[in-house]
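Engineer: Sharing a model that was predicted from the sequence below.
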Amino acid sequence: MPPNPPHVPRPLALIALTVALALGCTAQPDTAADPDAPEARLSGVLLDMQMDEISGLAASHIHPGVLWMHDDGGNPARLFAVSTRGRRLATFGVEDVVKTDWEDMDAFEFQGKRYLLIADTGDNGGLRRTLQLHVVEEPTTLTNARLKPAWSIAFRWPDGARDCEAVAVDAERGEILLISKKREPPELFVLPLQPPDRELLTATRVGHLAGVPEPDPETLRRNPKRARLDGQVTAASVSPDRRTLAVMTYRYLLLYPRGAQQDWAGAVAGTPRTSVLPWLPQAEALGWSADGESLYATGEFIPAPLYRITP
């Protein structure tokens, strides 16, 4: 979330988007300009005011056609089960945690169980000395309930505070990936998924993201504030086959392929496949589908489109 976000009106374009969904319209890429552009289809629209300020998304691997989402800081500690059409199916309160600024989430399997990781890592002002990650078992029934963390991780950065809104899990490597938001180029950090018996961990910086688009001079001249935000990283997700890291910025989708012998630091040092996102009201939530064939993406503020993007 950008610092001190202004009030965002509910533009007529978004209302028209809801009508487009009812008529079965889809958002198509400009294939004439970019024949390799991902296809972005409108999957649904978020209209429920309880889900204003969505900042994290992960596809369920237990419930077909269900996405997990959470909202930003300033709201209760809760998770939403949402259909791929955008309808809220259930709400789960998360107990025994203090919600400061939840900014991303991921779903993963570990030691035979399905889990959801919640990243309380937002820090607009660069003031937080410690941050938290919470892991809960993925609910097996979609009925309003309360959850408690299976475990939590408290950590700090190695060299001072920074904002982080993009977190992903590679359970096979036992790693949590964290990407800084405002540093140029963005930094990649790792933490252990199953932490040692220590109260406070220090994230390890392992690399930087290559290929994040920079604003062109004309965009900087016309709208310098917007231009500087376009490349800031707001979400990340590792594909189910662990071959691709998807990274979202306010304007772009970047896909970093990983070779069989590469770690993620090596993958993000390479050239990503980059495309412009379909229009979103503050793009902040991204996650691979359970089958790994596409990505779901949405943004803050209601109403918001929910896209299914096929790379």
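Structural biologist: It's in. Just so you know, these numbers come straight off a predicted model, no measurement behind them.

Engineer: isn't Leu117 right next to Glu175, touching?
Structural biologist: No - taking contacts as C-beta atoms under 8 Å, Leu117 lies outside contact range of Glu175: 11.6 Å. C-beta: built from backbone N, CA, C; applies to glycine.

Engineer: And the two? Which one has more around it.
Structural biologist: A direct count of neighbours by other C-beta atoms under 10 Å for Leu117 and Glu175 places Leu117 higher, at 24 against 19.

Engineer: Show me how far the helix or strand hosting the more buried one is from its chain's centre.
Structural biologist: Remark: Leu117 resides in strand 113-120, with elements defined by DSSP states H and E. Distance, stretch centre to chain centre, for strand 113-120: 13 Å (C-alpha atoms, centre = their mean, to the nearest Å).

Engineer: List the buried residues for that strand?
Structural biologist: Buried residues in strand 113-120, counting neighbours by 16 or more other C-beta atoms under 10 Å, are found at Tyr115, Leu116, Leu117, Ile118, Ala119, Asp120.

Engineer: Check what contacts it and list those residues.
Structural biologist: 56, 58, 61-62, 68, 70, 79, 94, 97, 99-109, 131-138, 150, 164, 167, 169, 176, 178 (C-beta atoms under 8 Å, 6 or more residues apart in numbering).

Engineer: Report the mean confidence score over it.
Structural biologist: Throughout strand 113-120, pLDDT has a mean value of 98.

Engineer: next one: stretch 72-88
Structural biologist: 96.

Engineer: so what's the most centrally placed residue in the chain bridging to?
Structural biologist: Most central in the chain under C-alpha atoms, centre = their mean is Ala235, positioned 3.1 Å from the mean C-alpha point. Per DSSP bridges, the residues bridged to Ala235 are Met248.

Engineer: I figured it was touching Leu57, is that so?
Structural biologist: Yes - contact between Ala235 and Leu57 holds when scored by C-beta under 8 Å: they sit 7.5 Å apart.
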